[in-house]
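> return a 3D structure for these sequence lines:
(one chain, ligands or ions: 1)
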Amino acid sequence: MSVVKINAITPAEGAEERLEARFGDRVREVEGMEGFEGFELLRPVKGETRYYVYTRWRSEEDFERWVNSDAFKRGHAQSNGGDPVATHATLLAFEVVEWPVQQALDERTMA
Ligand code: HEM
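Residues are numbered from 1 along each chain as shown. Predicted structure coming up:
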């Protein structure tokens, strides 16, 4: 069963553009991790002021392996280098109950 992990980031005051720029400049190693199924950076528009870093994984174990990897450290080198763009981050976790897009793709491949 796939899992969704969302890192909800509170941007430092006026640091939204810099936060987005850091993601634009990110190392892109997460894409190569085993069990990685997707990533999105979501900018808040209504009802939320935090940025959501949405990630989806084949399993909890795959996510844990990435979080404990050197790729994760390298993926956060800019944020760990001082000059923070965030004041707070909270990890939200979900299990994927339904995933219609993937189901439709699977059915098409099998047909
Ligand atoms: C204190 C906690 C965290 C903060 C403040 C933070 C912030 C950031 C920032 C600013 C970047 C841009 C790249 C860089 O800084 O070098 C980044 C990269 C990223 N973050 Fe986080 N992050 C945190 C933890 C997490 C966690 C727990 C997840 C899991 C959902 C996550 C998911 C990602 C992903 C997927 C990338 C792109 C990595 C790549 O390109 O390989 N982050 N994060």
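
> which residues of this structure lie near the ligand?
Selection of the chain residues close to the ligand by CB under 6 Å from any ligand atom yields 5, 7, 9, 19, 22-23, 26-30, 39, 53, 55, 75-79, 85-86, 89, 91. Any C-beta I mention is one placed from the backbone N, CA and C, and that applies to glycine too.

> can I get the buried part of the residues you listed as one PyMOL selection?
Burial among those is assessed by 16 or more other CB atoms under 10 Å; the matching PyMOL selection reads:
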select buried, resi 5+7+9+19+22+26+29+30+53+55+75+78+79+85+86
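
> the residues of the chain next to the ligand in helices, which ones?
19, 22, 23, 75 (DSSP state H).

> now those residues in a markdown table, with distance to residue 43 and pLDDT?
Shown next, in a markdown table, are those (distance: CB to CB, whole Å; pLDDT from 0 to 100):
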| residue | distance to residue 43 | pLDDT |
| --- | --- | --- |
| 19 | 9 | 97 |
| 22 | 13 | 96 |
| 23 | 10 | 97 |
| 75 | 19 | 96 |
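
> going by distance to residue 108, which of these wins?
For those, the closest approach to residue 108 (CB to CB) belongs to residue 23, at 31.4 Å.

> so residue 99 makes contact with residue 2?
Yes. The pair residue 99 / residue 2 is scored as a contact, 6.7 Å apart, by CB atoms under 8 Å.
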